[in-house]
Structures are given as structure tokens and as C-alpha cells.
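1. sequence and computational prediction follow.
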Amino acid sequence: MSRVGKHKIDIPAGISVAIDGNTLNIKKGELEQAYEVPQCIVVNVSNDSISFAPTNGEKSTRALWGTSQRNVGNIIRGLSDGFKVELEMVGVGYRAAVTEKKLVMQLGFSHDVEYNIPDDISIACPKPTVMVISGYSKKRVGDVAALLKKYRKPEPYKGRGIMKSGEFVYRKDGKRR
């Protein structure tokens, strides 16, 4: 059984945490995120750490205990360091470029694929075949990466498509005579 919820979350300098009922408000500069803590979890905020405790020993309460701890930890880590995902494009003629607030990708279609970049996400293309997605919300960064991967999923025969850096693509043999 995991005991993730027992670990305290250290609050780095520059980040302020306020609790209002069951809502944790985490703020750094003008960036602010709120997290609604379930009723069955008690939150203790000191000046340098946050700790969580379950109100009873039920299995669902213990699950929410660890989940709440990880979610708040990810919010704090995102506001202090940020999250990033690197996507690689493999294929002849596959490339991407950022123009203003649009990502323009050439993926072998008869037209270019344009994606409007959300305000809380930044996308950079250090190489024509590499996209780096970064932001302060782990969920938003992952959602954008999944949406961009959906335009050209990695295919198993030649390994072409959009994939995360270091992702393993299961390769199949082609037709045999």
C-alpha cells in the first residue's frame, strides 16, 4: 500500500499558500491556481510546508489523501519550475514552426496543420522536427502534447509520426512472401 500522502510538501521561496475552507490558493507573482481539497482530507499549512491527513481509515479516503498530496505538489512544482514535454516528428518532410501565436506543422497532408497556442502554454521549435511544449500546469502541458500527437500517431511499420522524446514505438515486420 502506498503512503504518498504522508510526505510533506515544501513551499519554495516566492510562493504563497492560503487556505479558505476546503480550497487551497497557491500563488506566485500574478500566477494563481486553486485546488479544491476533498472533505475527508485535513490540510495543515505552516510557513514552509503543507501536510495532509485523512479523517478516517477508509480505502477511498486513503486514495484521495495521496491524490490530493500529489496534485498540490504538482501545482507548486509547476509554479516554481514549470513542466515541459518534448515531441519529435519522424517522417520525410515533417516539420514545424511557430509564427506569432500559431504552430504550423507540415505532416504530409495536402495542407499545413495550424494549431492556435493557448495563453498559458508556450511552444518552441529549436529544430524543425522538434517541438518543446512548456507551461506551469502539468495537465495542460500533457493535454496539448496529446492533442498534437493525435495529428500523426506513430505507426508501427516505418515508425513515422509525432512521438514524445524517448518514446518506444513497437515495430512490426511488413508483408512476407
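-> Thanks, I have the structure now. Keep in mind that what you see is a predicted model, and the values were worked out from it rather than measured. Numbering: from 1, shown residues only.

2. which residues in the chain form helices?
-> Along the chain, counting by DSSP state H, helices occupy 59-80, 138-151.

3. quick one: contacts of the shortest one?
-> With C-beta atoms under 8 Å, 6 or more residues apart in numbering as the contact definition, helix 138-151 has outside contacts at 74, 77-78, 83-85, 87, 103, 105, 107, 113, 115, 118, 120-121, 123, 131, 133-135, 161-164. Bear in mind the C-beta positions are built from the backbone N, C-alpha and C, glycine included.

4. how is this structure carved up into domains?
-> By the record's domain assignment, the chain is partitioned as 4-80, 83-164 (automatic domain parsing).

5. about what we covered before: out of the helices of the chain, flag the one nearest A96.
-> Among those, helix 138-151 comes nearest to A96, with 8.8 Å by C-beta to C-beta.

6. can you say which of the contacts of helix 138-151 are buried?
-> Burial by neighbour count, 16 or more other C-beta atoms under 10 Å: within the contacts of helix 138-151 this picks out 74, 78, 83, 85, 87, 103, 105, 107, 115, 121, 123, 131, 133, 135, 161-163.

7. quick one on the thing from earlier: lowest-confidence stretch among the helices of the chain?
-> Sorting the helices of the chain by mean pLDDT places helix 59-80 lowest, at a mean of 92.

8. for it, packing partners?
-> strand 9-10, strand 23-28, strand 31-36, strand 41-45, strand 49-54, helix 138-151 (3 or more C-beta pairs under 8 Å, 6 or more residues apart in numbering; DSSP states H and E).

9. so what sits opposite the nearest residue to I121 once chain neighbours are set aside in the bridge?
-> Leaving aside its chain neighbours, I121 sits nearest to G135 (4.5 Å; criterion: C-beta to C-beta, 6 or more residues apart in numbering). Counting by DSSP bridges, G135 forms beta bridges with F83, I121.

10. same check, this time on S49
-> Beta-bridge partners of S49, as defined by DSSP bridges: D10.

11. for it, give me its contacts.
-> 8-11.

12. who wins on neighbours among the residues you listed?
-> Neighbour counts for the contacts of S49 peak at I9, which has 20 neighbours (criterion: other C-beta atoms under 10 Å).

13. check the gap between the nearest residue to that residue once chain neighbours are set aside and K27 for me.
-> Nearest residue to I9 in three dimensions, chain neighbours excluded: I50, at 4.5 Å (C-beta to C-beta, 6+ apart). From I50 across to K27, the span is 14 Å (C-beta to C-beta, to the nearest Å).
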